[in-house]
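K.L.:
model this:
(one chain, ligands or ions: 2)
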Amino acid sequence: SHKDFRKAIEIIQHIENSGGEAYIVGGAVRDFLAEREVGDIDIATSLLPERIIEIFDKVIPIGMEHGTVLVRYESASFEVTTYRTESGYKDFRHPDEVKFVNQIEEDLARRDFTMNAIAMDQFGKIIDPYGGADALKNRRIQSVGDPALRFQEDPLRIMRALRFASQLEFTIEDQTIKAIQTYAHLLSHIAVERLAAEFEKMYQGPGYKAGINFCVKTEVVNYLPIFKEHPSTLSLIPKSPLLHFSEVIAFYQFKVSHWTIKEWKRAWKLSNLTRNRTDILLRSLEEYKTSHKVTEWLVYNLDETLYPSFARVLASLGLEELTVKDMLEEQASQLPIHSEKDLEFGAKDLIELKSDLQKGPWIKEGLTQIEYLVVNKQLTNQYSKIKEWAEQWNPPANN
Ligand code: ATP
Ligand code: MG
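P.N.:
Ligands and ions are numbered 1, 2, ... in the order given. Predicted structure coming up:
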């Protein structure tokens, strides 16, 4: 925001008053010049991290060996990184050597794409040795230097190019796209969690269709976990963007059944949060598949916080409009109960009523049936009514 730019400029001024120089760099400059909403603001400086710690009150050392600290300033956070070059990358993950340097131009040279290699000083003056502003004007993603070398150094840049293509709706310059195709196989060296983060961002962007098509065209798909086993799956294009990895899985899982959820989880090393969300979305989709509509039971079992997510999945599949989210909310407000706890007749009452029976799984089963009938308004949530139903209900034998 405007306010954060003001704060970043004050940080730069403090660094300059302390004998150093500093610039705003990276995505913030790119998005500012492209007149897009600016996210995190990163600062590059000639001062060493130890010196930054000295001259600011609140500094968190988040990556001293790479020259990065987090400066807390007026309740906002700014990554401040010493000018540096990188070389090596033998393991395709970490540069073998980080060298601090004195010139901003040298620092810009290590950056991935020309649009990300622009620095801006406190007066708004631009340092742009690689023609990044021009690339922005032409809406083009282009490697800094030789794309073949840059993708071999760090193959994650391949996925970054594709996600930027989606986020910014930019094209990818010819030599850069060729190099993506040539070095796509190096993606197998990248930690799957990092791939997943870029892949997820690709589905979020307004240009996700182009991003996905680039994945197919450049054969990047052959190096993506899961998809590589049936690459044609990626040619199934969602009808609208998806914001979370669980939504992406739900989309493909509804379309094709090549994989089990366990396989998705293992291959993409999904976090517990993503696993849980995927499970819930898929359960709701199953219910939708059987009833061909959003039922009360579906709404009842779907966590309210996932309404927007489920709505996006239905929209991406072309089953509903995105406005189905409002319908979910409306339906939820009409539900007679919102959880098992709201039942007037509970587990205790059921056990008491059937005191001749041994405790067992039948209790849970009975309660679920009561829940189901009440949610569907086939049974009124009244003690006497539910008791009446329970009296004639015979728990399944051997239970
Ligand atoms: P976003 O808006 O998504 O944060 P960003 O461009 O700021 O996009 P970051 O991952 O925050 O992306 O990285 C900040 C900057 O660091 C980039 O703009 C780029 O200059 C540089 N950078 C990040 N990752 C790489 C990489 N893998 N190789 C080279 N430079 C990189
Ligand atoms: Mg950023």
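K.L.:
And the residue of the chain found nearest ligand 1, how far from ligand 2?
P.N.:
Nearest residue of the chain to ligand 1: G27, at 2.3 Å (C-beta to the nearest ligand atom). Using the backbone N, CA and C atoms, a C-beta is placed for each residue, glycine as well. Distance, G27 to ligand 2, by C-beta to the ion, to the nearest Å: 4 Å.
K.L.:
Now the residue of the chain positioned farthest from its centre, what are its backbone angles?
P.N.:
Relative to the mean C-alpha coordinate of the chain, counting by C-alpha atoms, centre = their mean, the farthest residue is D356 (52.8 Å). For D356, the backbone dihedrals (degrees, to the nearest 10) come out as phi -80, psi -10.
K.L.:
what do you get for A117?
P.N.:
Main-chain torsions, A117, degrees, to the nearest 10: phi -120, psi 40.
K.L.:
so what's the residue in the stretch 201-350 of the chain that ligand 2 sits nearest to closest to, chain neighbours aside?
P.N.:
Closest residue of the stretch 201-350 of the chain to ligand 2, C-beta to the ion: K201 (11.2 Å). Nearest in space to K201, with sequence neighbours left out and distances taken as C-beta to C-beta, 6 or more residues apart in numbering, is R163 at 4.4 Å.
K.L.:
And that neighbour, how far from ligand 2?
P.N.:
With C-beta to the ion as the criterion, R163 and ligand 2 are 12 Å apart.
K.L.:
which other residues reach the strand or helix carrying that residue?
P.N.:
Here R163, judged by DSSP states H and E, is contained in helix 156-168. If you take C-beta atoms under 8 Å, 6 or more residues apart in numbering as the criterion, helix 156-168 is touched by 34, 36, 112-113, 115, 139, 141, 143, 150-151, 170-172, 176, 180, 183-184, 186-187, 190, 194-195, 198-199, 201-208, 210-211, 214-215, 220.
K.L.:
Cross-check those residues against ligand 1 and keep the overlap.
P.N.:
Taking C-beta under 6 Å from any ligand atom as the test, ligand 1 is in contact with D112 out of these.
K.L.:
In helices, which of the contacts of helix 156-168 appear?
P.N.:
When these are checked against helices (DSSP state H), the matches are 150-151, 176, 180, 183, 194-195, 198-199, 201-204, 208, 210-211, 214-215.
K.L.:
Can you say which of those residues are buried?
P.N.:
150-151, 176, 180, 183, 195, 198-199, 201-204, 208, 210-211, 214-215 (16 or more other C-beta atoms under 10 Å).
K.L.:
L70 reaches V59, doesn't it?
P.N.:
Yes - L70 is in contact with V59 according to C-beta atoms under 8 Å; the separation is 6.8 Å.
K.L.:
buried ones in the one helix or strand S246 maps to?
P.N.:
Following DSSP H and E, one finds S246 within helix 245-255. By 16+ other C-beta under 10 Å, the buried positions in helix 245-255 come out as F245, S246, E247, V248, I249, A250, F251, Y252, Q253, F254.
K.L.:
Against which helices or strands is it packed?
P.N.:
Counting contacts by 3 or more C-beta pairs under 8 Å, 6 or more residues apart in numbering; DSSP states H and E, helix 245-255 packs against helix 192-204, helix 261-268, helix 272-291, helix 307-316.
K.L.:
Which of these has the highest mean neighbour count?
P.N.:
Comparing the helices and strands packed on helix 245-255 by mean neighbour count (mean count of other C-beta atoms under 10 Å), helix 307-316 ranks first with a mean of 23.
K.L.:
name the helices or strands packed onto that one?
P.N.:
Secondary elements touching helix 307-316 (3+ C-beta pairs under 8 Å, 6+ apart): helix 245-255, helix 272-291, helix 324-333.
K.L.:
to the chain's geometric centre, what's the distance from the longest one?
P.N.:
In other words, helix 272-291. 18 Å (C-alpha atoms, centre = their mean, to the nearest Å).
K.L.:
Could you figure out how far it is turned away from helix 192-204?
P.N.:
50 degrees (axes from the mean of the first three to the mean of the last three C-alpha atoms, to 10 degrees).
K.L.:
change the start of the numbering to 28 and stick with it
P.N.:
With 28 as the first residue, the last one maps to helix 299-318.
K.L.:
what does this protein put close to ligand 1?
P.N.:
By C-beta under 6 Å from any ligand atom, the residues of the chain that approach ligand 1 are G53, G54, G66, D67, D69, R138, D139, N143, A144, D181, L183, R184.
K.L.:
Please check those residues and keep the buried ones.
P.N.:
Burial by neighbour count, 16+ other C-beta under 10 Å: within the residues of the chain next to ligand 1 this picks out G53, G54, D69, R138, D139, N143, A144, D181, L183, R184.
K.L.:
Domain-wise, how is this protein divided?
P.N.:
The record assigns the chain these domain ranges, following automatic domain parsing: 28-158, 166-264, 284-362, 367-419.
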